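Engineer: here's my sequence, what's the structure:
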Amino acid sequence: MSVAIRNIGIIAHVDHGKTTLVDCLLRQAGTFRDNEELVERVMDSMDLEREKGITIKAKNASIEWGGATINIVDTPGHADFGGEVERILTMVDGVLLLVDAAEGTQAQTRFVLRKAIEQGLAVVVVLNKVDRPNANVARVHDQVLELLLELHASEAQFHAPFLFASARDGYAVRDLADEHKDMTPLFETILSHIPAPKADPDAPFRMVISNLDWSDYIGRIAIGKVLAGSARMGDSLVCIHKDGKRERATITRVMTFRGVKTSESAVAVAGSIVGLAGFEDAHIGETVCDSEEREPEPVRQIDPPTIQMQFGVNDSPLSGREGRYLTARHLKERLVKETRLNVSIEIYDTDQPNFFGIRARGALQIAILAETMRREGYELLVSRPEVIYREEGGVRQEPYETLWIETPDDILGDLLQHLAGRRALVTKMEHHPHGVQIEAEAPTRGLIGLESALANLTSGRAVMSRLFRGYGPVTGDIRARGAGVLVSMEGGVATSYALDTLQLRGRMFIGPGDEVYEGMIVGDSARSGDLPVNPTRTKHLTNIRAAGKDDAIILEPPVELTIEKAIEFIAPDEYVEVTPGHIRLRKKILNSIQRKRAGRTSGE
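Structural biologist: Just a heads-up that it's a prediction; the model follows:
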């Protein structure tokens, strides 16, 4: 096997500089032409990734340096996208652990690193942002070693090489006293410490599909690491599907990566990461080999989903005005397509023909899917997240998560009281000059809506991260939402005159001129329960001239809703209405009389 190939994955928490580091490596390796227009965060190819500053989809890039090919796989940093991480780590032989020199190790770093250690991958540690004034390199260095011990790293993994870098300034050094020049020390460490792929070039061809791409010209492209042998365009290969069916096809293209783009190649060699075109029905996790008699590679098990929600056809009075895809058939086709590209999402039929259930790792993963569908022209209704229970030994269990919160000292008491109401158990508390770090264990059910509540409680000064821990006994009842809502009892156009009085009762979700309908939620209220209001009320004019001057109407700006905030806010009897132009909240039953009747029936 040639030693000229290295396959590495990059692990980092959100906003620790992972995408900026990849940009720097691509530039310094001479991947781009001198006259090529460059963009920041070139690996963030999705609009949502650029807007949110996180990696959602795993992507490949390739660098030529020192006579070797370094294949880089950018892994998502959020645990909700763990399905991407687990399948992508099967393509690499080592990982680059990137940690912020000021913030230290975080929850998502722990999640992805644990998966890498379990697979026995080699580790290279890079402490990034060492140029920051508040960087504490010694403390973070010790944190990384403690994390490796905690995750039961092998001796070789524990003695991983450390480098100190500033991806923004474009340098990496083995010692802080070294000259800050370029990324050469990092390239050299990757080549010396990350092992070459263990693949036999003389054995029959084998590859496991780890990712899928699509081209309007050549169709579906199956991407994976070649485990053995080689393949050329025109070769006849077999795809072993998950149901055991064998599909033989002729390879129409062999694609390799050059920078962040793909290009045609003459041959797919053992150990390289390539894309093969020609299979019409290939899926992630399936094996491509040379003969029908071969056995498939064992499928790596991924962590099960813990959250479920429902997507349904939008039946509100304002439906059909903005979207192109409105029917149940459109919804189901899109969801089935998503399951083929995302192995951690499952769909199932519900007792309602216009609604489909979705199981996933977390609410953020489903919210990203809803936002993507919205931008594609879909209209849909989204329900509140619910946890997935299971029975073990006759005991009903629910998922639990480990929670980390960084908060200022002055609101610690209120925060602990709020966490107690969500059945969270504080296991660790550390005071530092900038505040307090809290570690707690809580049921996933109690963490739904916590991010929004935390932002309100701390005025946005707290930082929260969470990680799936396992299943445990079901705790007691947890209050879904402390506040009530203002529900419109009329349809029409909201007026400034009506909103002027309604804003005294709570925060508004709509502004003057917005269309509303009966059963639509137009704001929240400090009082619990639903409060019927009329946001379309106008001032009645008379022939009698007023003695005084009308008071000027001053309205507070309405709350800007995102899908993540909306699904955390709604109660079990409410939906989020998602359209290409609007995000609205509404009751499941729009008519107030029918709603009261249903409430009495359920109460009985």
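
Engineer: where along the stretch 1-150 of the chain do the strands fall?
Structural biologist: Assigned by DSSP state E, counting those that start in this stretch, the strands in the stretch 1-150 of the chain fall at 5-12, 59-65, 68-74, 94-100, 122-128.

Engineer: how far is the longest one from where the chain is centred?
Structural biologist: Okay, so that is strand 5-12. Distance of strand 5-12 from its chain centroid, counting by CA atoms, centre = their mean, to the nearest Å, is 20 Å.

Engineer: contact partners for residue 129?
Structural biologist: 16-17, 100-102, 135, 166-168 (CB atoms under 8 Å, 6 or more residues apart in numbering). Just so you know, the C-beta spots here come from the backbone N, C-alpha and C atoms, and that holds for glycine as well.

Engineer: break this protein into its domains for me.
Structural biologist: When the chain is parsed with automatic domain parsing, its domains come out as 5-193, 206-289, 390-473, 484-541+552-603.

Engineer: returning to what we had before: just the closest of the contacts of residue 129 to residue 346, please.
Structural biologist: Using CB to CB, residue 16 is the member of the contacts of residue 129 that lies nearest residue 346, at 30.5 Å.

Engineer: so, low pLDDT: which residues of the chain?
Structural biologist: Across the chain, the ranges flagged by pLDDT under 70 are 1-3, 14-15, 30-59, 77-87, 107-108, 260, 300-303, 480, 542-551, 602-604.

Engineer: quick revisit: figure out which of the domains of the chain is closest to residue 378.
Structural biologist: Minimum separation from residue 378 across the domains of the chain (CB to CB) falls at domain 484-541+552-603, 7.7 Å.

Engineer: coming back round to it: among the strands of the stretch 1-150 of the chain, which comes closest to residue 281?
Structural biologist: strand 59-65 (22.3 Å).

Engineer: can you give me the helices in the stretch 401-550 of the chain?
Structural biologist: 412-421, 444-447, 450-458, 496-502 (DSSP state H, counting those that start in this stretch).

Engineer: from those helices, which stretch is densest packed?
Structural biologist: Each of those was scored by mean neighbour count; the highest is helix 444-447, a mean of 23, by mean count of other CB atoms under 10 Å.

Engineer: what packs against that one?
Structural biologist: Applying 3 or more CB pairs under 8 Å, 6 or more residues apart in numbering; DSSP states H and E, one finds that helix 444-447 contacts strand 395-407.

Engineer: and the strand it packs on, which strands flank it?
Structural biologist: The sheet places strand 395-407 alongside strand 390-392 (antiparallel), strand 435-443 (antiparallel), strand 463-473 (antiparallel), with pairing taken from DSSP bridges.

Engineer: can you give me how far it is from the chain middle?
Structural biologist: For strand 395-407, the distance from its own C-alpha centre to the chain's C-alpha centre is 18 Å (CA atoms, centre = their mean).

Engineer: CA-only coordinates of it in PDB, if you can.
Structural biologist: Output of strand 395-407 as PDB, limited to C-alpha atoms (Å, rounded to 0.1, in the frame of the first residue of the first chain):
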ATOM      1  CA  VAL A 395     -39.700  -0.400  33.600                       C
ATOM      2  CA  ARG A 396     -40.600   2.500  31.400                       C
ATOM      3  CA  GLN A 397     -37.500   4.600  30.500                       C
ATOM      4  CA  GLU A 398     -36.800   8.000  28.900                       C
ATOM      5  CA  PRO A 399     -33.700   9.600  27.500                       C
ATOM      6  CA  TYR A 400     -31.300  11.600  29.700                       C
ATOM      7  CA  GLU A 401     -28.700  14.200  28.700                       C
ATOM      8  CA  THR A 402     -25.700  15.800  30.300                       C
ATOM      9  CA  LEU A 403     -26.100  19.600  30.400                       C
ATOM     10  CA  TRP A 404     -23.300  22.200  30.600                       C
ATOM     11  CA  ILE A 405     -24.100  25.900  31.300                       C
ATOM     12  CA  GLU A 406     -21.700  28.800  31.600                       C
ATOM     13  CA  THR A 407     -23.500  31.600  33.400                       C
END
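
Engineer: what about residue 504, neighbour count?
Structural biologist: Look at residue 504: counted by other CB atoms under 10 Å, it has 6 neighbours.

Engineer: phi, psi of it?
Structural biologist: When quoted as degrees, to the nearest 10, the phi and psi of residue 504 stand at phi -70, psi -20.

Engineer: can you tell me how far it is from residue 575?
Structural biologist: To residue 575, residue 504 is 27 Å away according to CB to CB, to the nearest Å.

Engineer: same check, this time on residue 286
Structural biologist: Residue 286 sits 37 Å away from residue 575, going by CB to CB.

Engineer: separate out the buried members of the contacts of residue 129.
Structural biologist: For the contacts of residue 129, a neighbour count by 16 or more other CB atoms under 10 Å gives the buried set as 16-17, 100-102, 135, 166-167.

Engineer: turn those into JSON lines, including distance to residue 567.
Structural biologist: Listed next are those as JSON lines, based on distance: CB to CB, whole Å:
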{"residue": "16", "distance to residue 567": "27"}
{"residue": "17", "distance to residue 567": "30"}
{"residue": "100", "distance to residue 567": "29"}
{"residue": "101", "distance to residue 567": "35"}
{"residue": "102", "distance to residue 567": "32"}
{"residue": "135", "distance to residue 567": "37"}
{"residue": "166", "distance to residue 567": "38"}
{"residue": "167", "distance to residue 567": "34"}
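
Engineer: surely residue 519 and residue 587 touch.
Structural biologist: Yes. Using CB atoms under 8 Å, residue 519 is in contact with residue 587, at 4.4 Å.

Engineer: which one of the buried ones among the contacts of residue 129 is nearest residue 304?
Structural biologist: Set against residue 304, the nearest of those by CB to CB is residue 16 (27.7 Å).

Engineer: quick check: chain neighbours aside, which residue is closest to that closest one?
Structural biologist: In space, and not counting its chain neighbours, residue 16 is closest to residue 100: 4.4 Å by CB to CB, 6 or more residues apart in numbering.
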